[in-house]
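>>> any chance you could fold what I've pasted below:
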Amino acid sequence: MRIHLIAIGGSAMHNIALALYYNHHTVSGSDDEVYNPARDRLDLRGLLPEKMGWDPDRITKDLDLVILGMHARPDNPELLRAKALNIPIYSYPAYVYEQSKAQKRVVIAGSHGKTTTTSMVMHVLKSLQKDFDYLVGAQLDGFETMARFSDAPVTVIEGDEYLSSPIDRRPKFLHYLPDLAVITGIAWDHINVFPDFEDYKNQFLLLAQSMPASGKLFYYQKDPHLPELLSDSSISCQVIPYQGFEFEVKNNQTVLRNEAGKQIPLKIFGAHNLQNLQAAYFLCAELGVSSTDFFKTIKSFKGAAKRLDFLCKTKTAVAYKDFAHAPSKVKATTEAMHAQYPKRQLIACVELHTFSSLNKKFLPHYKNTLAAADRAFVYYSEHTLKMKKLPNINPSDIEKAFDHPNLTVIQNDYATLEKALNRFGWKEQNLLLMTSGTFGGWEMKKAAKRILKKN
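This is a model prediction of the structure:
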C-alpha cells in the first residue's frame, strides 16, 4: 500500500512509519519540523521529508490512505486535499485498530504507569520468544521501534487517553476495543481537553464499556476512584482488582515476595512499580505465561526509557531522572526514591512543562507531591508559557501550591539550577530530576555527573 503520514515526526507517528516501512509498504510523510531522534531514524530509512512544511501536491490519487498525527491542524492543506480526493483518513489509533482487528488486543490504560506496565508485558513476552505486535510510548531495550504490525496472534497497546487527531476528539484508547485491559489509576490530567475531573474520569468508564462481555479488565483496587467507577452496571466485561506485589528494600535493592513466599530481586523500585508489575503479571497469565516464567524473566527488566533512568553515582550519592510531570507521577517517583535510599537525603527537582502543570488553576494539585524530598526545586520557563499561550505564573504561586518547607523556584535558566545544586556536599544525598521536557535544554546526564563528582 501507499501510505502518507501527516505530522510524521511525532514520537508514535515516526515509529508507525518505520513499522509500515518494515512491512514493505510505500511510506511518505510530512511535518513542519522533525527533531531527533525521529529525524535521524527517518533519514536512515529514506523516510525523512525532503523539505519541511505542508504541500498539498504530496497528496495524490494513488495514495491508499493517510494517517493524521495530532500535531497537524484541522485546516492542514494536505489534510484538506486528502478529503477533497476522498482518500481514507485515519488517526493513528484508528489505524492501529484496523491492523489488529483479527488479534487479541491487550490495552494498558491509566493516568500513570501505562508505559511501564506495557513495557513489562513486552519484556516478558519477548524473553519467552512469544510472537506479538505492540504500540508503546517509549523506546525499549531490545526493540528497534515503538510499534510493530504483523499477523501475530496478540497485540499489546499502551492506551493513551489524549485526543486521537485534530479531527477526532475521542481519546485514543476508545478505538482499540480491547479483549484484555488494565487501568492503573486515575489522576486528572490534560485539562486543556478535559476541563473537569468528572469528564476526565468518564473517559475511563467509556473504555470499560467498550469491552465485550468475554473481556477482562484489571484495575488497581486502592485507587480512590476506580472501585466506584468500575461498579457501573453498564460494564459487561469481567472486572478484576489487584493491589500490587509485596516487597521490601534490602541494601538499596527492591525484593519482591511472590505468592509462594519466594524472594525475587528486581532492577526496578518503587511501590508504584510493584503495582504495575502485578498488573503485568495478570495480563501475562491471561496470555498463557506461567508464574514461574514470569518471575524468571522479570528479574532482568530494567524499566522503560525515561522512567527512573539511572544517570550516575558516586560512593555516597546517586542521580536518576524520570518522565514524571503530573502530580501523581511526581509524588510516586519522589516517594520511590526516598524508600529505596531511606538513609540518604533526597534533593528533588521538577520542571513544570506541560499545559496542565503550567496552568495556575491546576497548580494546587501538586500540594505535598514533593513531601518525601528533603530539598526541592521547581523549574519553569516563561518561553514555554508563551509557546503554550498561557498567562505568566509567579514563583509565589508555585511555592504556595507545592507547600514544601524547603522549596526553591527557578525561572528560565538551568545554569542557575545547576549552580544551586553544586552547593550541596553530595555526601549521603541523592538527586532526582523529573520532567517531560529538558529543563530548557539542560544535558541532564552530563550535568548530574558534574554535580555529584565535583564534591
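>>> the strands in the stretch 101-250 of the chain, which residues?
104-109, 133-135, 147-148, 154-159, 163-165, 168-171, 180-183, 216-220, 238-242, 246-250 (DSSP state E, counting those that start in this stretch).
>>> I'd like to know how many residues surround N86.
8 (other C-beta atoms under 10 Å). Any C-beta I mention is one placed from the backbone N, CA and C, and that applies to glycine too.
>>> how close does it get to K61?
N86 sits 9 Å away from K61, going by C-beta to C-beta, to the nearest Å.
>>> got a markdown table for the strands of the stretch 101-250 of the chain, with mean pLDDT, distance to A285 and mean neighbour count too?
A markdown table is the format used below for those (pLDDT from 0 to 100; distance: least, C-beta to C-beta, whole Å; neighbours: other C-beta atoms under 10 Å):
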| stretch | mean pLDDT | distance to A285 | mean neighbour count |
| --- | --- | --- | --- |
| strand 104-109 | 98 | 12 | 26 |
| strand 133-135 | 97 | 18 | 25 |
| strand 147-148 | 96 | 22 | 24 |
| strand 154-159 | 98 | 13 | 26 |
| strand 163-165 | 94 | 31 | 21 |
| strand 168-171 | 94 | 27 | 16 |
| strand 180-183 | 98 | 10 | 27 |
| strand 216-220 | 98 | 10 | 22 |
| strand 238-242 | 98 | 11 | 16 |
| strand 246-250 | 89 | 18 | 13 |
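>>> closest one to V318 among those strands?
strand 246-250 (13.9 Å; C-beta to C-beta).
>>> next SSE downstream of the closest one?
As assigned by DSSP states H and E, the chain's next helix or strand after strand 246-250 is strand 253-257.
>>> can you redo the strands of the stretch 101-250 of the chain as a markdown table with distance to I347?
Below are those laid out as a markdown table (distance: least, C-beta to C-beta, whole Å):
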| stretch | distance to I347 |
| --- | --- |
| strand 104-109 | 32 |
| strand 133-135 | 36 |
| strand 147-148 | 37 |
| strand 154-159 | 31 |
| strand 163-165 | 36 |
| strand 168-171 | 36 |
| strand 180-183 | 33 |
| strand 216-220 | 29 |
| strand 238-242 | 33 |
| strand 246-250 | 20 |
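>>> looking at the ones you listed, spot the one closest to Y92.
Judging the strands of the stretch 101-250 of the chain by C-beta to C-beta, what sits closest to Y92 is strand 163-165, at 7.6 Å.
>>> still on that earlier bit, the strands of the stretch 101-250 of the chain: which one's closest to Y281?
That would be strand 238-242 among the strands of the stretch 101-250 of the chain, by C-beta to C-beta, at 8.3 Å.
>>> which residue ranges form the helices in the stretch 101-250 of the chain?
Using DSSP state H, counting those that start in this stretch, the helices of the stretch 101-250 of the chain run over 114-127, 197-209, 226-229.
>>> and these, which is most packed in?
Highest mean neighbour count among the helices of the stretch 101-250 of the chain (mean count of other C-beta atoms under 10 Å): helix 114-127, with a mean of 25.
>>> packing partners for it?
Judged by 3 or more C-beta pairs under 8 Å, 6 or more residues apart in numbering; DSSP states H and E, the packing partners of helix 114-127 are strand 104-109, strand 154-159, helix 271-286, helix 291-298.
>>> so for L180, which of the ones you listed sits nearest?
L180 lies closest to strand 104-109 among those, at 4.6 Å (C-beta to C-beta).
>>> any stretches of the protein with poor pLDDT?
Counting by pLDDT under 70, the chain contains low-confidence ranges at 454-455.
>>> next, name the residue at the spatial heart of it.
Nearest to the mean C-alpha position of the chain, by C-alpha atoms, centre = their mean, lies T115 at 4.7 Å.
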